[in-house]
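> Attaching a predicted model along with its sequence, questions to come.
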Amino acid sequence: MTSATLPAVASASTKPSAVRPGRILLYVVLIIGALLMITPFLWMVLTAFKSELEILKFSWLPGELRWSNFSEAMQTAPFLRYFRNSALIAIGETAFTLLICTTAGYALAKMPLKGGKWLLGYFIVLLLVPFQIILVPLFMIVKSIPLFGGNNILGQGGIGWLNSWWGLIIPLGAAPFFTFLARQFFVSLPDELAQAARVDGLGEFGIFWRIMTPLIKPALITIAVFQIEAAWNGFLWPLMITTSDEMRPLQLGLAIFSQNPAEIQWPYLMAGTALATLPMIILFVFAQKRFVEGMANVGIKG
């Protein structure tokens, strides 16, 4: 190859590759999907700033931004109480989930359990069971908790954990998916770490708490984000076990606020709904990096 042909080869190699029709179609589909996803959210936010008259005649943009809708919505319904209840439930469920699922995941990954593979298979099978299937049995168990809610030692005569913080937090405070996720991260850690700690005289719980757990921070954040989101948006379970307005979480409060379609104040309802989505958006923005890292590493080692 002569020196004269080198610039021609170099210029040919630097030409941008042609955009394939398949990639263009993919982008078009993704853009359409994104618009379909964001349109209801955008309508909700814009409606929160409108007046009742603007909603009746339907217009996308409000004539003026009525920031007072948010403060008035807080006074129309006890949204602050609903926010508090949802926050307590989310914190309680997340703390309980991190404790139970990480310890179970460590045991499945690092401890020589008899039948450990069968137990892991059991957890995987549980991933296929829809939550709606266990609702009624779970309700009966919660209602029959001994020595709670007026029950005797046999779990009869009262309401157990119904309409209580125990019933709202404990039954949904752990899930097979989170146990499996924690187990996958613990499996990816080298066994030599635990063996060296045992040689130094560290107990099994100390190995779990001081050596292994700090190394799976992406998994902890991923589990926390999933659990907080599930608890914050919980509706069906609180609907089944709560009868007092003092115990209702945010999503149930919003649904009860809109029970009578003829009396719905749409600007206030949309203002409350917009405020309800704000904590989850903030949570994901701050935890996004670790969350994506955690999900990417789920299947590293089996």
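Cool, the structure landed.

> Poorly predicted segments of the stretch 151-300 of the chain, please.
259-262, 291, 293-300 (pLDDT under 70).

> Please report the distance of residue 163 from residue 230.
Computed as CB to CB, to the nearest Å, the residue 163 to residue 230 distance reads 21 Å. Glycine gets a C-beta too; all of them are placed from N, C-alpha and C.

> Same question for residue 22.
Counting by CB to CB - residue 22 and residue 230 are separated by 36 Å.

> quick one: which of those two has more around it?
Using other CB atoms under 10 Å as the criterion, residue 22 and residue 230 rank with residue 230 on top: 16 against 8.

> For that one, list the residues it contacts.
93, 172 (CB atoms under 8 Å, 6 or more residues apart in numbering).

> tell me what the helix or strand hosting residue 139 is packed against?
Per DSSP states H and E, residue 139 falls inside helix 135-143. With contacts defined as 3 or more CB pairs under 8 Å, 6 or more residues apart in numbering; DSSP states H and E, helix 135-143 has these neighbours: helix 236-241.

> Give me the helices and strands touching the helix it packs on, please.
Taking 3+ CB pairs under 8 Å, 6+ apart as the contact cut, helix 236-241 packs with helix 135-143, helix 165-169, helix 250-257.

> any idea how far residue 252 is from residue 168?
11 Å.

> same check, this time on residue 161
Residue 161 is 17 Å from residue 252, by CB to CB.

> Repeat that for residue 22.
Taken as CB to CB, the span from residue 22 to residue 252 is 45 Å.

> Please apply the same query to residue 226.
20 Å.

> How about residue 129?
Taking CB to CB, one finds residue 129 at 24 Å from residue 252.

> Check residue 175 too.
Counting by CB to CB - residue 175 and residue 252 are separated by 21 Å.

> Chain neighbours aside, what residue packs nearest to residue 43?
Using CB to CB, 6 or more residues apart in numbering and skipping residues adjacent in sequence, the residue nearest residue 43 is residue 60, 7.6 Å away.

> My guess is the one you found contacts residue 46. True?
Yes - the pair residue 60 and residue 46 qualifies as a contact (CB atoms under 8 Å) at a distance of 6.4 Å.

> higher neighbour count, these two?
With neighbours defined as other CB under 10 Å, residue 60 and residue 46 compare such that residue 46 has more, 17 against 10.

> who touches that one in this structure?
With the criterion set at CB under 8 Å, 6+ apart, residue 46 makes contact with 60-62.

> in what helix or strand does it lie?
With DSSP H and E as criterion, residue 46 is part of helix 21-47.

> since we're on residue 136, how many residues are nearby?
By other CB under 10 Å, neighbour count at residue 136 equals 10.

> still on that earlier bit, which ones among the contacts of residue 46 map onto strands?
Among the contacts of residue 46, no member falls in strands (DSSP state E).

> I'd like the residues you listed as a markdown table, with distance to residue 108 and pLDDT appended.
Output for the contacts of residue 46, formatted as a markdown table (distance: CB to CB, whole Å; pLDDT from 0 to 100):
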| residue | distance to residue 108 | pLDDT |
| --- | --- | --- |
| 60 | 52 | 80 |
| 61 | 54 | 84 |
| 62 | 54 | 85 |
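
> Mind giving me the packing neighbours of the strand or helix carrying residue 89?
Taking DSSP H and E as the definition, one finds residue 89 inside helix 79-110. When contacts are defined as 3+ CB pairs under 8 Å, 6+ apart, helix 79-110 packs onto helix 116-126, helix 165-169, helix 176-188, helix 217-232, helix 250-257, helix 266-296.

> list the buried ones in the last one?
Think helix 266-296. Neighbour-count burial for helix 266-296 flags 266-276, 279, 283, 287, 290-291, 294 (criterion: 16 or more other CB atoms under 10 Å).

> do the fourth one as well
Along helix 217-232, these residues count as buried under the neighbour rule (16+ other CB under 10 Å): 218-232.

> Pull the distance from that helix to the chain's centre.
6 Å (CA atoms, centre = their mean, to the nearest Å).

> for the second one, same thing?
Taking CA atoms, centre = their mean, one finds helix 165-169 lying 17 Å from the centre of the chain it belongs to.

> The longest one now?
Its chain's average C-alpha position is 10 Å from that of helix 266-296, according to CA atoms, centre = their mean.
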